[in-house]
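Visitor: below are the sequence and a predicted model; questions follow.
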Amino acid sequence: MSSSTINVEENLDAWISQSEAARIRGVSKQAIAKLIARERLSARKIGGRMLVLRSEVEAFTPMPIGRPRKETGPQKAPVKKSAVRKVTPKKTK
């Protein structure tokens, strides 16, 4: 995913403006610009305008929100506190 000049032989119908991409996704133009900056969408500059691939905009799936969960190994069965009982010896006089 890069931002470069488009070749003449490439299909220009496959490229849309940031405004059109925003309408398709239901987000702002700034959100599309951020996706381009993060290289989540391919972009090309033509005549001073930044264009994105329509197919990528339509197929885009956002990343899950928040920090990813930790990968954990197999879980041990929890031990009931009532089953484990500390026995203290009685003091005798």
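Guide: Yep, it's here.

Visitor: per-residue pLDDT, Ile16?
Guide: Ile16 carries a pLDDT value of 94.

Visitor: closest to the centroid, which residue in this structure?
Guide: Among the residues of the chain, the one closest to the centroid is Met63, at 2.0 Å (Cα atoms, centre = their mean).

Visitor: which SSE is that one in?
Guide: Per DSSP states H and E: Met63 is located in neither a helix nor a strand.

Visitor: can you give me phi and psi for it?
Guide: phi -80, psi 150 (degrees, to the nearest 10).

Visitor: please, where are all the strands along the protein?
Guide: Assigned by DSSP state E, the strands in the chain fall at 3-5, 15-17, 43-46, 49-53.

Visitor: I'd like those strands as TSV, with mean neighbour count appended.
Guide: For glycine as for every other residue, the C-beta is placed from the backbone atoms N, C-alpha and C. Listed next are the strands of the chain as TSV, based on neighbours: other Cβ atoms under 10 Å:
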stretch	mean neighbour count
strand 3-5	10
strand 15-17	19
strand 43-46	16
strand 49-53	19
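
Visitor: let's have those in JSON lines, adding distance to Pro74.
Guide: As requested, these are exported to JSON lines (distance: least, Cβ to Cβ, whole Å):
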{"stretch": "strand 3-5", "distance to Pro74": "46"}
{"stretch": "strand 15-17", "distance to Pro74": "48"}
{"stretch": "strand 43-46", "distance to Pro74": "45"}
{"stretch": "strand 49-53", "distance to Pro74": "43"}
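
Visitor: about what we covered before: roughly how far apart are the residue nearest to the centre of the chain and Gln18?
Guide: 20 Å (Cβ to Cβ, to the nearest Å).

Visitor: and Gly47, how many neighbours?
Guide: Using other Cβ atoms under 10 Å, the number of residues around Gly47 comes to 5.

Visitor: what's near enough to touch it?
Guide: Not one residue lies near Gly47 by Cβ atoms under 8 Å, 6 or more residues apart in numbering.

Visitor: from Ala22, how far out is it?
Guide: 19 Å.

Visitor: which stretches of the chain aren't confidently modelled?
Guide: 1-10, 73, 76-86, 93 (pLDDT under 70).

Visitor: swap in 80 and give it another go.
Guide: Scanning the chain for pLDDT under 80 picks out 1-12, 72-93.
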